[in-house]
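[1] sequence and computational prediction follow.
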Amino acid sequence: MDERLRFVARVLEGEQMAALCREFGISRKTGYKIFERYRRCGIEGLMDRVRRPIRFGNQLPFQIEQEILNLKKEKPSFGARKIRELFRRKFPDFPLPATSTVHAVLDRNGLVAKKSRRRRNRATGTELSKAVHPNDLWCADYKGQFQLGNKRYRYPLTVTDNATRYLIACESLESTKEKYAFTTFERVFQEFGLPTAIKTDNGVPFASPNSLFNLSRLSVWWLRLGIAVERIQPGHPQQNGCHERMHLTLKREATRPSGSNHIQQQAKFDNFIEEYNQERPHEAINMMLPAEAYTRSCREYRGIQPLEYGLHDRTALVTQCGRICIGKNKIHLSQVFAGQSVGIRQVDEGIWLTSFMHYDLGYFDTESSRFEPLPDPFGHKVLPMCPV
């Protein structure tokens, strides 16, 4: 602010705007903008402005949410549609939330009567984060990028078994695009079977920052195969410490120097896999060789099977643009579910619950066709750092 005040004071003294802007290192457009703010607002106009948005697109203002809850307490037997109408009558000048938004507010606060749900058959066994047995938990990541002798870059995709430290794959890929990861994991699943869970970071292609619940097409495919998705806490790579420690060894022994081309580099990676699994004792498994500790998964890869939603009202196919179409209503869900079937079930008048597999994703209403997501049903886990 002090710099702006000195700038304005010198303008008021009659100095030329162009010369002052050059001296202060700003454009003339900025100079005139600062002076205009002073003329309109005085010294307060020179204060730093808060750049936080007035409201957030996915967040209902606190006051409106409280009024919705108050109306529900006054009329506990009313559903979201009637509560919304009461809100409209009481506050005609306020922006009217969608019916699905009202329902989601009531649901978050435990004010929606829950219908009895079927007992679901969930996988049981070893706690995934402990990874006691082979194939309880795989870890996957990219070892950054590095340059080959021909000046082209490669992105090694690595997969390890957390319990035995067995190096399952190290593929020199052209980029981190999903199509290359799909090919690698399909080959790995065919050769080694399916793990119970896969732990990754929050980067592409394992996650998608702009999609529903940060899912990606790759992670949705894993879920369809019955593989649980685990992600480390953002900014904490030590939570995947076993895998990161392997990367240090990989970098030192297989990329310095790098191969002159892709074929030579992949050969170096293949040799490293052989040595790492068959010749290198590992302290974390009592100096055993990873190949001595690891066994192939008994869960065979057979592709994805059709989804059935017997206790839902109907099944809907998500379009390539990420929508589900119910009559004339087009409800945007997420493109990561493109081609997948979801179950929809009416939970109140004009309000429908959308589910994927046994995960409840959120609500939509037929009046506004707006989808209101529930809290993340996939429950991103914060895992302890494992020993190296």
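    Ah, there it is.
[2] doesn't residue 376 lie inside a helix?
    No: with DSSP: H, G, I helix; E, B strand; the rest coil as the criterion, residue 376 is located in coil rather than a helix.
[3] okay, it: pLDDT?
    Model confidence at residue 376, expressed as pLDDT, equals 81.
[4] list the contacts for the residue nearest to it when sequence neighbours are not counted?
    Using C-beta to C-beta, 6 or more residues apart in numbering and skipping the chain neighbours, the partner closest in space to residue 376 is residue 213 (4.9 Å). Bear in mind the C-beta positions are built from the backbone N, C-alpha and C, glycine included. Contacts of residue 213 were listed using C-beta atoms under 8 Å, 6 or more residues apart in numbering, and they are 361, 373, 376-378.
[5] and what of residue 152?
    261-262.
[6] at 10 Å what do you get?
    If you count contacts by C-beta atoms under 10 Å, 6 or more residues apart in numbering, residue 152 has them with 174, 261-262, 265.
[7] same question, residue 326
    314, 316, 344, 352, 364, 366, 369.
[8] rerun at 8 Å
    When contacts are counted by C-beta under 8 Å, 6+ apart, residue 326 touches 316, 344, 352, 366.
[9] I'd like the distance between it and residue 365.
    If you measure residue 326 against residue 365 using C-beta to C-beta, to the nearest Å, the figure is 11 Å.
[10] on that earlier part again, going through the contacts of residue 213, which ones are buried?
    361, 373, 378 (16 or more other C-beta atoms under 10 Å).
[11] among the residues you listed, which one sits closest to residue 252?
    Comparing the buried ones among the contacts of residue 213 against residue 252 with C-beta to C-beta picks out residue 378 as the nearest, at 35.6 Å.
[12] how close does that closest one sit to residue 280?
    35 Å.
[13] same question, residue 335
    Distance, residue 335 to residue 280, using C-beta to C-beta: 42 Å.
[14] my guess is residue 201 meets residue 232, correct?
    Yes: Residue 201 sits in contact with residue 232 when judged by C-beta atoms under 8 Å, with a separation of 5.6 Å.
[15] any shared contact partners between these two?
    The overlap between the contact sets of residue 201 and residue 232 (C-beta under 8 Å, 6+ apart) consists of residue 240.
[16] can you pull the contacts of residue 262?
    For residue 262, the contacting residues are 148, 152, 154, 172, taking C-beta under 8 Å, 6+ apart as the criterion.
[17] specify the beta-bridge partners of residue 173.
    Applying DSSP bridges to residue 173 gives these bridge partners: residue 155.
[18] on that earlier part again, nearest to residue 86, of the contacts of residue 326?
    When these are compared against residue 86 (criterion: C-beta to C-beta), the nearest one is residue 366, at 19.7 Å.
[19] mind pulling up the pLDDT for the spatially closest residue to that closest one that is not a sequence neighbour?
    Of all residues not flanking residue 366 in the chain, residue 350 sits nearest, at 4.9 Å (C-beta to C-beta, 6+ apart). Per-residue confidence for residue 350 comes out at a pLDDT of 85.
[20] now residue 344: closest residue in space, sequence neighbours ignored.
    What sits nearest to residue 344 in space, not counting adjacent residues and going by C-beta to C-beta, 6+ apart, is residue 352, at 4.9 Å.
[21] residue 43 now?
    Of all residues not flanking residue 43 in the chain, residue 5 sits nearest, at 7.2 Å (C-beta to C-beta, 6+ apart).
[22] with residue 341 instead?
    Computed as C-beta to C-beta, 6+ apart, the closest residue to residue 341 that is not its neighbour in sequence is residue 307, at 4.5 Å.
[23] burial check on that neighbour, number of neighbours?
    Neighbours of residue 307 under the rule other C-beta atoms under 10 Å: 14.
[24] who touches the residue lying closest to residue 282 once chain neighbours are set aside in this structure?
    If the residues on either side of it in the chain are set aside, residue 282 comes closest to residue 165, at 4.9 Å by C-beta to C-beta, 6+ apart. Residue 165 makes contact with 242, 246, 282, 284-285, 290, 293 under the criterion C-beta under 8 Å, 6+ apart.
[25] okay, residue 165: pLDDT?
    The confidence metric pLDDT takes the value 94 at residue 165.
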